[in-house]
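Colleague: the following comprises the amino acid sequence and a computationally predicted model.
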Amino acid sequence: MDYSSWGPQAIGKPVRKSLREVPAAQGMVIEDVETGFVGEIMRIEKSGGMLVLHLEGRGGKTRSFKAGYGFLLDGEPVRIIAPVKTTTLPPVARSASGSVVVQGLKARTARASRILVEGKHDAELVEKVWGHDLRVEGIVVEPLHGVDDLAAVIANFAPSPQRRLGILVDHLVMGTKEQKIAERAMKVPGAAGNVLIVGHPYVDVWQAVKPSALGIPAWPVVPRGQDWKTGIVTAFGWPASTPEDLGLAWQRILSRVTNYADIEPALLGRVEEIIDFLTEVDN
């Protein structure tokens with residue numbers, strides 16, 4: 001036995017052991033040393049200038065304790081302190097296409113490259129969903145008003161590595177006239193590597209709007225031989241006797257598109273592919 005510590009001792013202020021400080025958090029299980037009550041922190045609040053912990057123990061019993069000293073966490077004496085304040089980041093603004101909105105965007109000089117689409121309605125739909133992205137990248141969308149002369153359009157454009165074309169074609173599926181037109185167009189000198197022709201399977205870009213966006217189970221089936229747009233508008237019970245009627249019908253359909261979620265993936269993927277193609281080279 002060591003008796004060296006016997007005898008007169010220097011009596012001073014006892015040294016207080018520094019306890020680990022633990023921020024209170026809901027779900028934390030602690031024990032109050034004085035009462036032996038063990039419970040999960042269910043609520044944390046300030047009351048009378050004190051931080052109060054509301055614990056729920058076995059059998060649903062609840063007790064409240066002042067935070068601070070006198071607690072065990074996993075058997076270790078700790079000091080419970082105020083919860084760590086978390087910084088709430090502002091939500092990230094998203095464009096209609098789902099991309100991050102560029103704040104304070106200034107108009108960029110338009111690239112020489114272009115996106116060509118079949119008609120006005122195609123251009124309006126692309127602008128509504130991808131307009132922000134196109135302005136960020138400086139890409140202009142222009143309507144073709146049909147693809148019958150696509151080879152001549154490409155030849156007149158004179159594509160090059162710094163002057164690319166991305167072309168979106170309606171009803172571009174195997175065995176159609178659109179497929180044959182696209183194949184001929186890609187044989188124009190300068191087209192290879194500088195022109196990208198993609199398409200969606202729909203008769204018209206109207207069909208690229210999801211039926212759910214219009215509150216219908218599916219697009220109406222138009223009998224073969226009948227003008228498709230006229231048949232669609234008639235099936236909706238809207239006026240369909242003049243071009244103006246069809247234009248107004250399209251505006252009603254377009255108004256139901258709020259973002260990319262209202263567009264069929266078969267169109268989404270193709271437009272994104274075109275934008276990537278036109279921007280992979282710094283023009």
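Modeller: Done, it's in. Numbers count the residues shown, from 1 in each chain.
Colleague: where does pLDDT dip in this structure?
Modeller: In the predicted model, the chain carries pLDDT under 70 at residues 1-17, 87-89, 105-107, 281-283.
Colleague: before we move on, what SS does Ala151 have?
Modeller: Under DSSP: H, G, I helix; E, B strand; the rest coil, Ala151 falls in the helix class.
Colleague: not counting its neighbours along the chain, what's nearest it?
Modeller: Leaving out its chain neighbours, the residue that sits closest to Ala151 by Cβ to Cβ, 6 or more residues apart in numbering is Ala185, at 4.5 Å. C-beta coordinates here come from the backbone N, C-alpha and C atoms, glycine included.
Colleague: tally of neighbours for Val101?
Modeller: 13 (other Cβ atoms under 10 Å).
Colleague: what does Pro77 give?
Modeller: A count of nearby residues for Pro77, using other Cβ under 10 Å, gives 14.
Colleague: strands paired with whichever strand or helix holds it, and their directions?
Modeller: Under the criterion of DSSP states H and E, Pro77 resides in strand 76-81. If you go by DSSP bridges, strand 76-81 pairs up with strand 20-23 (parallel), strand 71-73 (antiparallel).
Colleague: tell me which of those strands is the most buried.
Modeller: The highest mean neighbour count among the strands paired with strand 76-81, using mean count of other Cβ atoms under 10 Å, belongs to strand 71-73: a mean of 18.
Colleague: picking that back up, the residue nearest to Ala151: neighbour count?
Modeller: Applying other Cβ under 10 Å, we find 22 residues neighbouring Ala185.
Colleague: same check, this time on Pro220
Modeller: As a burial measure, Pro220 scores 13 neighbours (other Cβ under 10 Å).
Colleague: what's the spacing between Lys46 and Lys61?
Modeller: Lys46 sits at a distance of 23 Å from Lys61 (criterion: Cβ to Cβ, to the nearest Å).
Colleague: returning to that earlier point: CSV for the strands paired with strand 76-81, including distance to Ala96?
Modeller: Compiled in CSV, these are given as follows (distance: least, Cβ to Cβ, whole Å):
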stretch, distance to Ala96
strand 20-23, 41
strand 71-73, 49
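Colleague: neighbouring strands of the longest strand seen in the chain in the sheet, and parallel or not?
Modeller: The longest strand of the chain (DSSP state E) is strand 38-47. Applying DSSP bridges, strand 38-47 is found paired with strand 29-32 (antiparallel), strand 50-56 (antiparallel).
Colleague: so what touches it?
Modeller: Identification of contacts with strand 38-47 by Cβ atoms under 8 Å, 6 or more residues apart in numbering yields 24-32, 51-58, 61-63, 67, 83.
Colleague: now do the strand holding Pro77: distance to the chain's middle.
Modeller: Offset of strand 76-81 from its chain centre (Cα atoms, centre = their mean, to the nearest Å): 42 Å.
Colleague: same check, this time on stretch 57-71
Modeller: Relative to its chain's centre, stretch 57-71 lies at 43 Å (Cα atoms, centre = their mean).
Colleague: over to stretch 168-175?
Modeller: 28 Å.
Colleague: how long is that stretch from one end to the other?
Modeller: 17 Å (Cα to Cα, to the nearest Å).
Colleague: could you list the buried residues of it?
Modeller: Buried residues in stretch 168-175, counting neighbours by 16 or more other Cβ atoms under 10 Å, are found at 168-172.
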